[in-house]
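J.: missing the sequence, but the structure's below:
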């Protein structure tokens, strides 16, 4: 059983930065890819970024490329999402999830955290 817990969300002005963290427990963290997704009410959960188990490969949604950076510290069982140059349209609940491969589809991820709210004011 994998347990994931996000932290670091909050309220920030447009152009500002936040760093989200996701702490994992329950199995060998480095063997699994980790993803970040986001969701706003009434819309489907949206892919943001994913990283391979080793951290060597990262992939981003076009909407965040160049502004967000995903990374991981396998010694701390933690994955991060550094979010810079935030825009109001980045406002959402952000979730981390684990999978066997750095997929884009949320349906390929079996374990999820509870989510953390990010609000970007204009």
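T.: Done, it's in. Since the model is a prediction, treat every value here as computed from it, not as a measurement. Numbers count the residues shown, from 1 in each chain.

J.: Can you list the buried residues in stretch 101-118?
T.: By neighbour count, and taking 16 or more other CB atoms under 10 Å as the criterion, the buried residues in stretch 101-118 are 102-103, 106, 109, 111-113, 115-116, 118. Any C-beta I mention is one placed from the backbone N, CA and C, and that applies to glycine too.

J.: by contact count, what packs against the helix or strand hosting residue 35?
T.: Secondary structure assignment for residue 35, by DSSP states H and E: strand 33-39. Identification of packing neighbours for strand 33-39 by 3 or more CB pairs under 8 Å, 6 or more residues apart in numbering; DSSP states H and E yields strand 18-25, strand 46-51, strand 68-73, strand 78-83, strand 92-99.

J.: so where's the chain uncertain?
T.: Residues of the chain meeting the criterion pLDDT under 70: 27.

J.: contacts for stretch 64-82?
T.: Stretch 64-82 is contacted by residues 17, 19-25, 29-30, 34, 36, 48-51, 53-55, 58, 60, 83-86, 90, 94, 96 when judged by CB atoms under 8 Å, 6 or more residues apart in numbering.

J.: Same check on stretch 25-40?
T.: Residues outside stretch 25-40 that contact it (CB under 8 Å, 6+ apart) are 1-3, 20, 22, 24, 45-54, 70, 72, 74, 77, 79, 81, 90-103, 106, 109, 115, 118.

J.: Among those residues, name the buried ones.
T.: The neighbour-count test (16+ other CB under 10 Å) marks 20, 22, 24, 45, 47-53, 70, 72, 77, 79, 81, 90-99, 102-103, 106, 109, 115, 118 as buried among these.
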